[in-house]
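Novice: for reference, the sequence and a predicted model appear below.
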Amino acid sequence: MRVAVTGASGYAGRALVAALESAGHDVNALARRETNPPAAGTRRRAIVGDVRSAAALDTLLDGADAIAHLAAWVHRPTRGAAARRECFDVNLGGTRALIEAASRRGAALPMVFVSTVAVYGARFERASESSPTAPATPYAESKLAAEAAVLGAARVGVPRARVLRPAVIIGPGAPGNVERLVRWQARGAVPLLASGGGAKSAVHVDDLAAAIVRALTLPPGEGRAIYNIAAEPPITAREMVECLARGAGRAPRIVAVPDPLADLAGLLGAAAAWLSGGTIPDLARALALLRAPCTVDASAAARELGVRFRPPGEALEAMGRGAAGAQG
């Protein structure tokens, strides 16, 4: 099978391309810039272009038997009208452009769209695929709108699609708040809320890739339209730090920050982010993510996709060992 992959140079995209090639599939890989040229003899085709470009998408889908759509505006500031428009233009506009490109082929290609558990809101506990959605950020709003476009197209047969909603993605080099924890730990201490933090569902990037491959290859009529993708059990920020430290063979270095001080730092951080136009990261957003519980029920994916999701603690310990080895 030849799979067209958007966002192939991103964190999850690279893992998916590797998983597909390991399973013997061919890949058409779309990225905004070529960062990992295909090795000699590989059957991967590298396509440089924008996910909103009709020409790039037509090239991407040439000879494809299935589509994995991972391209997204993510881990970027969305303060201000211009950034919000760009977020929606990439996440929703790019998805619509891909659906239109698939329609031009006149065949119902299997498609997996990678969304996010953030569609459930700023805080949620054990959310299932049928739980209400309440996106709290432009990123989550745009992803939910893109889900609707994908599932709407699927209902009329172009393309035959599924939506995967991954939790916090962890693994070596994982971006976002996990990267921030790793960096703080390496620098000497991790500031955490004294009152503790809410538990998070998480998934290793390679397990997410395996779930995408499995969802692409499910026979027609099997499975469901939406899957949460996460491992058990959920894990708190403090437990994340402890696992990273244990893997590195050292004691966790945690600085307990009183909640009132964290709130003040969050206000100052939000103001700095606003005044800088998003150049300075929004500390308030990071604190809110660490504080609120964000957990999902992903039992359907484990049961129906047949993927073994490694426990987050196990994955984080491995990350700690890897970070310690790199420093050594």
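Specialist: Arrived safely.

Novice: can you map out the strands along the stretch 101-250 of the chain?
Specialist: Using DSSP state E, counting those that start in this stretch, the strands found in the stretch 101-250 of the chain span residues 110-114, 124-127, 160-166, 168-170, 190-193, 202-204, 226-229.

Novice: mean pLDDT lowest for which of those strands?
Specialist: Lowest mean pLDDT of these: strand 190-193, a mean of 71.

Novice: quick one: the residue nearest to Arg310 when sequence neighbours are not counted from Ala101, how far?
Specialist: Leaving aside its sequence neighbours, Arg310 sits nearest to His204 (C-beta to C-beta, 6 or more residues apart in numbering; 5.4 Å). For every residue, glycine as well, the C-beta is placed using N, CA and C. His204 is 31 Å from Ala101, where distance means C-beta to C-beta, to the nearest Å.

Novice: what about the helices in this structure?
Specialist: 11-22, 54-60, 81-88, 94-105, 138-155, 177-187, 205-217, 237-248, 259-275, 283-291, 299-304, 312-327 (DSSP state H).

Novice: ok, which of those comes nearest Thr116?
Specialist: helix 138-155 (5.2 Å; C-beta to C-beta).

Novice: next, the angle from the closest one to strand 160-166.
Specialist: Here the directions of helix 138-155 and strand 160-166 differ by 150 degrees (axes from the mean of the first three to the mean of the last three C-alpha atoms, to 10 degrees).

Novice: returning to what we had before: turn the helices of the chain into CSV, columns for distance to Gly223, mean neighbour count and mean pLDDT.
Specialist: Converted to CSV, these look like this (distance: least, C-beta to C-beta, whole Å; neighbours: other C-beta atoms under 10 Å; pLDDT from 0 to 100):
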stretch, distance to Gly223, mean neighbour count, mean pLDDT
helix 11-22, 18, 21, 96
helix 54-60, 24, 18, 97
helix 81-88, 29, 16, 90
helix 94-105, 19, 20, 93
helix 138-155, 12, 20, 94
helix 177-187, 29, 17, 76
helix 205-217, 7, 23, 97
helix 237-248, 31, 22, 87
helix 259-275, 40, 15, 61
helix 283-291, 30, 19, 60
helix 299-304, 5, 17, 96
helix 312-327, 24, 18, 80
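
Novice: got TSV for those helices, with distance to Ser128 too?
Specialist: TSV is the format used below for the helices of the chain (distance: least, C-beta to C-beta, whole Å):
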stretch	distance to Ser128
helix 11-22	22
helix 54-60	33
helix 81-88	27
helix 94-105	24
helix 138-155	15
helix 177-187	24
helix 205-217	16
helix 237-248	23
helix 259-275	30
helix 283-291	21
helix 299-304	8
helix 312-327	19
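
Novice: between the ones you listed, which gets nearest to Ile47?
Specialist: Set against Ile47 and scored by C-beta to C-beta, the helices of the chain come closest in helix 54-60, at 5.3 Å.

Novice: which elements pack onto that closest one?
Specialist: Helix 54-60 sits against strand 26-31, strand 44-48, helix 94-105, with contacts defined as 3 or more C-beta pairs under 8 Å, 6 or more residues apart in numbering; DSSP states H and E.

Novice: one step back: how about the contacts made by the residue nearest to Arg310?
Specialist: Counting by C-beta atoms under 8 Å, 6 or more residues apart in numbering, His204 touches Ile169, Ile170, Gly171, Ala231, Phe309, Arg310, Pro312, Ala315.

Novice: closest to Gly247 among these?
Specialist: Ala315 (9.5 Å).

Novice: could you find the closest non-adjacent residue to the closest one?
Specialist: His204 (4.5 Å).

Novice: how close does the one you found sit to Pro175?
Specialist: Using C-beta to C-beta, one gets 14 Å for the distance from His204 to Pro175.

Novice: over to Gly188?
Specialist: 22 Å.
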